[in-house]
Each structure stands twice: as C-alpha cells, then as structure tokens.
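1. coords please:
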Amino acid sequence: MKGPVEHIERAMVPWRDERLTECGLLVADVAACIDRPAAVAKAKELGMQRYAMVACMTCVQTVNRHGTWETDPVGVLERSLSRYGPNAELSARELRAIALLIAAHTDEFQETLAALADAPSLAERRTARRMRR
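-> Prediction:
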C-alpha cells in the first residue's frame with residue numbers, strides 16, 4: 001500500500017475553475033487525488049483503518065462534514081466564500097455577475113425556479129419509499 005497520499009477533491013461552486021482538495025491544497029499540487037464517490041468506495045472496500053494508511057486523513061475527516069453542490073449548494077457557497085472572505089474581490093464580482101445575468105434573463109430564471117420547486121426532493125422520495133415498505 002505504498003505510494004503517494006491520496007487526497008479527496010472538494011466540492012466547488014460550479015462556475016469556478018479552481019480545483020481544491022478537502023484539506024485545502026490545489027489539486028494540481030498533489031500527487032494523487034480522487035473524487036468523493038471513489039473515496040467512499042475505496043474506504044468501504046479497504047475499511048477505514050486500511051484506508052487511513054493511504055489517504056490524507058484531513059481530507060477524509062473534512063469530506064464527512066461537507067456536502068456537495070447537488071446536496072448542499074448553500075454549504076458549498078459558504079465554504080467558498082469563507083475561503084476568499086465575504087468581501088473578496090473575486091466573490092463580489094461573481095455575485096454581481098450572477099445578479100446581472102438574472103436581471104437580463106428574469107423570465108428564464110423564474111421558470112427555472114418554478115421547475116426546481118416542482119421537482120420532487122430526493123429526501124421526500126426516499127422517505128416515501130421507506131414508508132411503503
């Protein structure tokens with residue numbers, strides 16, 4: 001089980017190109033990096049004790065405290081803002097750009113919001129499936 005320490009890639013806001021590990025390093029600066037599903041599968045396959053021998057434990061512990069863009073977009077955005085600080089120039093420009101795009105495409109934005117509101121939540125579907133059993 002020798003080799004480079006394996007890091008886990010962090011969930012990022014979808015409009016950023018920056019790629020970070022859960023422990024905060026740039027993906028480009030680490031020798032080995034895997035995504036969250038691969039890390040979960042590897043930990044399950046090896047068991048946590050053996051996985052701890054090959055994985056960055058900061059990444060492993062951190063990934064369990066944070067969601068993905070699909071499961072927790074607010075948390076991912078908060079984490080991104082905390083990295084740059086709420087007054088950071090890049091974050092401010094991004095948020096202004098999002099507001100300008102929404103203003104320019106208000107109807108499309110409202111339709112998209114309505115469609116997302118009408119979509120069933122995965123949590124509700126899981127609960128309903130459990131209740132049927």
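
2. and His7, backbone torsions?
-> Here the main-chain torsion angles of His7 (degrees, to the nearest 10) amount to phi -100, psi 160.

3. Next, count neighbours for it.
-> The local packing of His7 (other CB atoms under 10 Å) involves 26 other residues. To be clear about C-beta, it is placed using only N, CA and C from the backbone, and glycine gets the same treatment.

4. what's the nearest residue in space to it that is not next to it in sequence sitting at in phi/psi?
-> Leaving out its chain neighbours, the residue that sits closest to His7 by CB to CB, 6 or more residues apart in numbering is Thr21, at 3.9 Å. Backbone torsions of Thr21, given as degrees, to the nearest 10, read phi -90, psi 170.

5. ok, Thr21 touching Ala28?
-> No. Thr21 is not in contact with Ala28 according to CB atoms under 8 Å; the separation is 10.2 Å.

6. between these two, who's got more neighbours?
-> Thr21 (22 against 9).

7. which residues in the protein form strands?
-> Residue ranges of the strands in the chain, as given by DSSP state E, are 6-8, 32-34.

8. Among the ones you listed, which comes closest to Ser121?
-> Set against Ser121 and scored by CB to CB, the strands of the chain come closest in strand 6-8, at 26.1 Å.

9. can you give me how far that closest one is from the chain middle?
-> How far strand 6-8 lies from its chain's middle: 14 Å, per CA atoms, centre = their mean, to the nearest Å.

10. just how off-centre is the longest helix along the chain within its chain?
-> When the chain is parsed with DSSP state H, its longest helix is helix 89-104. Distance, stretch centre to chain centre, for helix 89-104: 21 Å (CA atoms, centre = their mean).

11. now stretch 47-59
-> 20 Å.

12. what residues does that stretch touch?
-> The contact list for stretch 47-59, computed with CB atoms under 8 Å, 6 or more residues apart in numbering, reads 1, 3, 5-8, 21-23, 39, 42-43, 46, 60.

13. Could you rerun that using 6 Å?
-> Around stretch 47-59, the neighbours that count as contacts under CB atoms under 6 Å, 6 or more residues apart in numbering are 1, 5-8, 21-23, 43.
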